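Student: Following is a predicted model, sequence given first.
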Amino acid sequence: MSAPQTSSTVQYAAETLDLAIKGSRVYEREDLVQRLTGARRLIAEPAVTVYVVGEFKQGKSSLINALLTAPICPVDDDIATAVPTEIRFAAQPNATATYQPDESAGRSWIEQIPISELGAYVSEAGNPGNARRLRSVTVGLDRQLLAGGLVLVDTPGVGGLGSVHNTVTVGALPEAHAVIFVSDASQELTAEEVKFLRTAGELCPRIIFAMSKIDLYPQWRRILELNLGHLRRSGASVEPLAISSTLRVHAAQAQDEQLNDESGFPALLSALQRVLHDAERLALQSLANHVLSAVSQLEGTVRSKKAALEHPERVAELTAALETANERAERLKAQSARWQQILVDGFADISSDVDFDLRSRVRVVLAEAEKTIDDGDPGKNWDEFEQWLRQRIASEAMDNYALLVRSAREVGARVAEHFEIAEAAITTPTDGAAASEFVQSIEVDSSFAGERKRMAGGMAGFQKGYMGVLMITMMGTLTSLVIPLPIGLAAGALMGRAGFKDERKRQLEKCRSQAKMSVRRFIDEFNLKAGKDSRDGLRRLQRDMRDGYTQRAEELQRSVNEALKGAQEAVRKVESDTKEAQRLQTDLDSLRMVRSRATQLSESPARQQPEPRAGVIAGGGGGGAG
Ligand SMILES: Nc1nc2c(ncn2[C@@H]2O[C@H](COP(=O)(O)OP(=O)(O)O)[C@@H](O)[C@H]2O)c(=O)[nH]1
Ligand SMILES: [Mg+2]
């Protein structure tokens, strides 16, 4: 549901978009109308997603409740969150549960649930082991904090960061705007947490580290100091904060401003405001680029019409220049275009790199696993071993996924770069006859191609199109695979050692080789499925990028053709209608006005969000990270 807050900048952007759509309609450019209409989503339904992650019991759910000053997410010593819970704005409070797709039906389904019964759905106590087979729960609340489009996601964190459950969260990170990583002040960050933070930083642009429960641990400043050292050494880039959800709740009850400052929440709220602010700025820039692109194309048509009308004697020259541009646009669409080659080769490379990386990682785990089996007794510590193996594999899979995302982004940026160079050559033909004053007169403002923020073109589309599908299916793989328990030695061991030494040894060897066999089966299966998942994901991604750019190339060609048609028609009108020339000039003036509005939008800082108020306690302000 869309948020009720509309700032004047967003209003201005919406009006600018409407003007551009109107212009495209006048020139019967349904393709541009469609693109611009689609771009409205950027401002109409802002969703700024922030994942709250961390090991289990660190205070993630409490943090969300304290942010909202409402007991939404179940918290208790024994209640753990079992299902990702999404909290977003809704004028009418409501909650819905999304179920995992049915084996037979193959589609996920949704059910309304009473907010008061949330615990029965999202908590480990109410829904043990996620027996209800929920995929996620969404809660809509009419809180001011959420009104700007902020979506908070409470995650399970069951079974550790590198766990199978957590892969669902990891898969979603490339689409998240920020992550709040929660770890309490009872001890330093573990090696696993530091590793997670580093990898998460590769997947998501902004990581906030909230060290929690500072009310409970008087030595929290020292722990924070140590943690900052660990993070510096690991090269993880995070914003550290120290918070206490308990103090925040007390502060809200007592309306105590000073206590609220002590809770560290004002600093957390302003960090969130910055996330919202950046997201809005990116959305406005992206919207402005769409408008600029459409305006440039329309201007090309209008200018060539006008030029032909005013200088009929030089139409041949103009036509020749436009025909060259047309050929270029045709080539840009062809499979032999440079950007297409980069896309195809780039993705082929990623596919083999990612595959190789995964295999190497898994081989290391396999060697570790076999050594563990050789050194121990699989019959005795199989449960722990199994859990260790799953964690190791899931953790390696996460790093492998980070490699995939990083490489795909790099190829995406290179494709965008080459496409834009070619695009600029079409909109500003420069060679041969094209250097004439005619071409000057039809030249669209080339500053557009140069100025454009690359991220807002190719990358924004890429990020949107990218779903964390890989990891979700991977999770299916990992949970469905049951390592068969080897016939234990427990009974034999109970018989005592004396007299049975050889027999015991023989049985132990047998057990070890069975254990190794089942580990290999597990790993083979994992390799097979994970390999297929990443290949499928990459294929989808590549197709989306190819389709997106092909569409842009077609648009461009259509623009050049319209310009060509316009020039030819204009010259047929022998009367050299001054009225027509005037009308075209008016159109050009309108387009220039839309252009300047869009330029202004892409340059202006986004609106200042009104400070969120929780009770009477204002967000914003300093304090917190001592
Ligand atoms: N003293 C104190 N306890 C907290 C704080 N935040 C969370 N807790 C407690 O820590 C436990 C785990 O909290 P929870 O939010 O469920 O953790 P999660 O598993 O990470 O979501 C609960 O017993 C909370 O009451 C805090 O700021 N101060
Ligand atoms: Mg929780």
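Tutor: Yep, it's here. Ligands and ions are numbered 1, 2, ... in the order given.
Student: which parts of the chain sit against ligand 1?
Tutor: Within the chain, the positions adjacent to ligand 1 are 54, 56-62, 75-77, 80-81, 157, 212-213, 215-216, 244-246 by Cβ under 6 Å from any ligand atom. (Glycine included, C-beta is placed from N, CA and C.)
Student: from those residues, which ones fall inside strands?
Tutor: Judged by DSSP state E, the subset of the residues of the chain next to ligand 1 located in strands is residue 212.
Student: what's the domain layout of the chain?
Tutor: When the chain is parsed with automatic domain parsing, its domains come out as 46-88+144-277, 89-142, 311-575.
Student: Tell me which of those domains is the most buried.
Tutor: When these are scored by mean count of other Cβ atoms under 10 Å, the highest mean neighbour count falls to domain 46-88+144-277 (a mean of 21).
Student: now that one: how far from the chain's centre is it?
Tutor: Here domain 46-88+144-277 is found 18 Å from its chain centre; the criterion is Cα atoms, centre = their mean, to the nearest Å.
Student: Hmm, residue 120 is touching residue 127, no?
Tutor: Yes. Counting by Cβ atoms under 8 Å, residue 120 touches residue 127, with 6.7 Å between them.
Student: just to revisit the earlier point, which stretch in the domains of the chain has the least confidence?
Tutor: When these are compared by mean pLDDT, domain 311-575 comes last with a mean of 71.
Student: could you pull out the strands for the stretch 201-350 of the chain?
Tutor: Assigned by DSSP state E, counting those that start in this stretch, the stretch 201-350 of the chain shows strands spanning 207-212, 239-242.
Student: Residue 536: which of these is closest?
Tutor: Residue 536 sits nearest to strand 207-212 of all the strands of the stretch 201-350 of the chain, at 28.4 Å, using Cβ to Cβ.
Student: hmm, back to that, and the strands of the stretch 201-350 of the chain: which comes nearest ligand 2?
Tutor: In terms of Cβ to the ion, the element of the strands of the stretch 201-350 of the chain nearest to ligand 2 is strand 207-212, at 11.6 Å.
Student: ok, the closest one near ligand 2 or not?
Tutor: No. Under the criterion of Cβ under 5 Å from the ion, strand 207-212 makes no contact with ligand 2; the nearest approach is 11.6 Å.
Student: what does stretch 88-107 contact?
Tutor: Contacts to stretch 88-107, defined as Cβ atoms under 8 Å, 6 or more residues apart in numbering, come from residues 1, 3-4, 47, 108-115, 118, 121, 132-143, 146-147, 149-152.
Student: Which ones, among those residues, also lie beside ligand 2?
Tutor: By Cβ under 5 Å from the ion, no member of the contacts of stretch 88-107 lies near ligand 2.
Student: hmm, back to that, out of the domains of the chain, which comes closest to residue 594?
Tutor: Judging those by Cβ to Cβ, what sits closest to residue 594 is domain 311-575, at 12.1 Å.
Student: how far does that closest one sit from the chain's center?
Tutor: Centroid separation between domain 311-575 and its chain, computed with Cα atoms, centre = their mean, is 14 Å.
Student: for stretch 142-160, same thing?
Tutor: Between the centre of stretch 142-160 and the centre of its chain there are 15 Å (Cα atoms, centre = their mean).
Student: ok, residue 586 - how many residues close by?
Tutor: 11 (other Cβ atoms under 10 Å).
Student: Going along the chain, name the strands of the stretch 501-626 of the chain.
Tutor: With DSSP E, counting those that start in this stretch as the criterion, the stretch 501-626 of the chain has strands at 613-614, 617-618.
Student: rank these by pLDDT, which is bottom?
Tutor: Note on the strands of the stretch 501-626 of the chain: strand 617-618 shows the lowest mean pLDDT, a mean of 32.
Student: Narrow the residues of the chain next to ligand 1 to those in helices?
Tutor: 60, 61, 62, 245, 246 (DSSP state H).
Student: Residue 585 contacts residue 306, doesn't it?
Tutor: Yes. Assessed by Cβ under 8 Å, residue 585 is found in contact with residue 306 at 6.9 Å.
Student: Would you mind telling me which of the two has more residues around it?
Tutor: Using other Cβ under 10 Å, the more surrounded residue of residue 585 and residue 306 is residue 306, with 23 against 12.
Student: Quickly note the distance from that one to ligand 1.
Tutor: Applying Cβ to the nearest ligand atom, to the nearest Å, the value for residue 306 to ligand 1 is 64 Å.
Student: got it, and residue 365?
Tutor: Distance, residue 365 to ligand 1, using Cβ to the nearest ligand atom: 27 Å.
Student: ok now do that residue, which residues does it touch?
Tutor: Contacts for residue 365 (Cβ under 8 Å, 6+ apart) come out as 389, 392, 393, 396, 523.
Student: Report the entries of those that also contact ligand 2.
Tutor: Applying Cβ under 5 Å from the ion to the contacts of residue 365, none is adjacent to ligand 2.
Student: Output those residues in JSON lines; the columns should cover secondary structure.
Tutor: Output for the contacts of residue 365, formatted as JSON lines (DSSP: H, G, I helix; E, B strand; the rest coil):
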{"residue": "389", "secondary structure": "helix"}
{"residue": "392", "secondary structure": "helix"}
{"residue": "393", "secondary structure": "helix"}
{"residue": "396", "secondary structure": "helix"}
{"residue": "523", "secondary structure": "helix"}
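Student: Helices along the stretch 101-250 of the chain, start to end?
Tutor: Ranges of helices in the stretch 101-250 of the chain, per DSSP state H, counting those that start in this stretch, are 118-122, 166-172, 191-203, 220-234, 245-254.
Student: Residue 325: which of the ones you listed is closest?
Tutor: Of all the helices of the stretch 101-250 of the chain, helix 191-203 sits nearest to residue 325, with 40.3 Å by Cβ to Cβ.
Student: Give me the packing partners of that closest one, helices and strands only.
Tutor: Using 3 or more Cβ pairs under 8 Å, 6 or more residues apart in numbering; DSSP states H and E as the contact definition, the elements that helix 191-203 packs against are helix 166-172, strand 178-184, strand 207-212, helix 220-234, helix 382-427.
Student: What lies in contact with it?
Tutor: Here helix 191-203 has contacts from 53-55, 160-162, 170, 173-174, 179, 181, 183, 189, 207, 209, 230-231, 234-238, 395, 398-399, 401-402, 405-406, using Cβ under 8 Å, 6+ apart.
Student: redo that, cut-off 6 Å
Tutor: Helix 191-203 has contacts (Cβ atoms under 6 Å, 6 or more residues apart in numbering) with 161, 173-174, 179, 181, 183, 207, 230, 234, 236-238, 398-399, 402, 405-406.
Student: What sits closest to residue 128 if chain neighbours are left out?
Tutor: residue 82 (7.5 Å; Cβ to Cβ, 6 or more residues apart in numbering).
Student: Near ligand 2, which residues of the stretch 101-250 of the chain? Just list them.
Tutor: Residues of the stretch 101-250 of the chain lying near ligand 2 by Cβ under 5 Å from the ion: none.
Student: at 6 Å what do you get?
Tutor: Applying Cβ under 6 Å from the ion, we find that the stretch 101-250 of the chain lies next to ligand 2 at residue 154.
Student: and the residue in the stretch 101-250 of the chain that ligand 2 sits nearest to, what does it touch?
Tutor: Proximity of the stretch 101-250 of the chain to ligand 2 (Cβ to the ion) peaks at residue 154, 5.9 Å away. Each residue near residue 154 by Cβ under 6 Å, 6+ apart is listed here: 52, 60, 61, 64, 73, 81, 85.
Student: wait, what's in contact with the closest residue to it other than its chain neighbours?
Tutor: Distances taken as Cβ to Cβ, 6+ apart put residue 85 closest to residue 154, at 4.3 Å, once the chain neighbours are dropped. By Cβ under 6 Å, 6+ apart, the contact list for residue 85 reads 122, 137, 154.
Student: same check, this time on residue 109
Tutor: By Cβ under 6 Å, 6+ apart, the contact set of residue 109 is residue 99.
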